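> Turn this into a model:
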Amino acid sequence: MAPTQANPSEPLTARLMKLAQTLQFAWFCGHVTLLLCTLRYGLSYITFNSVSRWSRFSYRTAFVAAAATYGIVVFKGYRARAKSGKGQGSPLQLLGDENVQYLAMALVWLFARQVPLALLPFTVYSIFHVATYTRGILLPTIQPPPPTPAGQKPKASALSDSIGRFVKDYYDASMSVVAGLEIALWFRILGSAILFQKGSWILLAIYTVFVRARISQSTFVQGMLRQMGARGDQLANRQDVPSAARGGWEQFKGLAAKAHDSTDPNRYMGNQAAPQKKAS
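Residues are numbered from 1 along each chain as shown. Got it, this is the predicted structure:
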């Protein structure tokens with residue numbers, strides 16, 4: 001997100017009012033709301049009070065905010081395609097949009113039973129979206145940079161530089177954490193399904209479709225699965241591991257590979273989607 005040029009001759013109130021009237025500011029507020037609600041829910045969770053009224057309210061509101069932010073991104077994409085005269089694509093191509101996928105999952109989690117782990121991937125994304133918006137939009141609006149000669153970039157403040165370094169230094173590692181959380185969440189739901197908790201099998205089916213799409217699109221999820229596979233190979237090849245366990249691991253990898261190939265969404269979408277690094 002490139003820094004914007006605010007008019008320093010305007011009063012701060014006028015600059016903030018203009019900013020508040022944008023759809024992007026609503027998107028920013030949604031991410032801030034998600035972070036605040038996650039913090040409030042997290043405090044309740046670590047104090048073993050996650051079933052309280054305020055805790056449930058914070059959890060549901062966090063996913064309302066998540067759905068709003070991704071809904072805004074999907075709407076802006078729809079409007080941009082409409083203005084450019086491009087077609088909106090087939091339903092399958094629409095479902096291939098990762099922002100649509102996260103919007104759908106936010107709505108699913110909003111109405112499903114509470115699974116605290118489900119909040120964390122959305123929270124990590126929101127941290128970076130809030131940081132990027134603050135650096136690129138909010139700070140230049142509050143304190144516009146001084147005039148600079150043509151062809152030169154405006155000088156950023158110390159706070160802006162610090163935020164930029166944070167995003168640059170921790171983005172890739174954080175996206176790998178998100179990938180690990182999304183995979184761990186699948187196993188969490190699988191455990192609930194094995195125990196036949198109410199609605200868990202339907203939730204598992206929906207989330208499996210989501211995870212399969214992430215495997216196809218996210219290089220971070222692909223990398224995390226490769227790490228898990230390498231770790232499994234390392235454990236299976238130990239001398240103290242029974243041959244039956246080693247054979248079971250090889251069979252599991254074969255079944256996983258077949259499932260991966262047979263559910264490749266590109267076979268049904270008719271194109272090769274480029275891997276995406278993040279959701280907006």
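
> in what helix or strand does the closest residue to residue 74 other than its chain neighbours lie?
Closest residue to residue 74 apart from its sequence neighbours, by CB to CB, 6 or more residues apart in numbering: residue 99 at 5.3 Å. No exception for glycine: its C-beta is placed from N, CA and C like everyone else's. According to DSSP states H and E, residue 99 maps onto helix 98-111.

> all strands for the protein, in order.
For the chain, no strands turn up when DSSP state E is the criterion.

> can you tell me which helix in it is longest?
Secondary structure of the chain per DSSP state H: the longest helix is helix 158-194.

> model confidence over that helix, on average?
The average pLDDT within helix 158-194 is 91.

> Compute the inter-axis angle for that helix and helix 98-111.
Counting by axes from the mean of the first three to the mean of the last three CA atoms, to 10 degrees, helix 158-194 lies at 60 degrees to helix 98-111.

> so what does the helix holding residue 99 touch, helix or strand wise?
helix 53-84, helix 119-133, helix 200-217 (3 or more CB pairs under 8 Å, 6 or more residues apart in numbering; DSSP states H and E).

> Now do that helix: everything it contacts.
60, 63-64, 66-67, 70-71, 73-74, 77, 94-95, 115, 118-119, 122, 203, 206-207, 210, 213-214, 217-218, 276, 279-280 (CB atoms under 8 Å, 6 or more residues apart in numbering).

> Now with 7 Å, please.
60, 63-64, 66-67, 70-71, 73-74, 77, 94, 118, 122, 206, 210, 213, 217, 276, 279-280 (CB atoms under 7 Å, 6 or more residues apart in numbering).

> quick one on the thing from earlier: what angle sits between the longest helix of the chain and helix 119-133?
Going by the same axes, to 10 degrees, helix 158-194 makes 160 degrees with helix 119-133.

> Next, report how far helix 158-194 is displaced from the centre of its chain.
On the basis of CA atoms, centre = their mean, to the nearest Å, helix 158-194 sits 8 Å off its chain's mean C-alpha point.

> Name the residues of it that are buried.
160, 163, 167, 174-183, 185-186, 188-189, 192-193 (16 or more other CB atoms under 10 Å).

> what's the answer for stretch 77-87, then?
Applying 16+ other CB under 10 Å to stretch 77-87 flags residue 77 as buried.

> before we move on, what about stretch 95-103?
95-103.

> would you turn the residues you listed into a markdown table with pLDDT and distance to residue 130?
Shown next, in a markdown table, are the buried residues of stretch 95-103 (pLDDT from 0 to 100; distance: CB to CB, whole Å):
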| residue | pLDDT | distance to residue 130 |
| --- | --- | --- |
| 95 | 75 | 27 |
| 96 | 75 | 27 |
| 97 | 82 | 22 |
| 98 | 89 | 19 |
| 99 | 90 | 17 |
| 100 | 91 | 22 |
| 101 | 92 | 21 |
| 102 | 94 | 16 |
| 103 | 95 | 18 |
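
> could those residues go into TSV alongside distance to residue 245?
Shown next, in TSV, are the buried residues of stretch 95-103 (distance: CB to CB, whole Å):
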residue	distance to residue 245
95	38
96	38
97	41
98	36
99	41
100	40
101	35
102	37
103	41
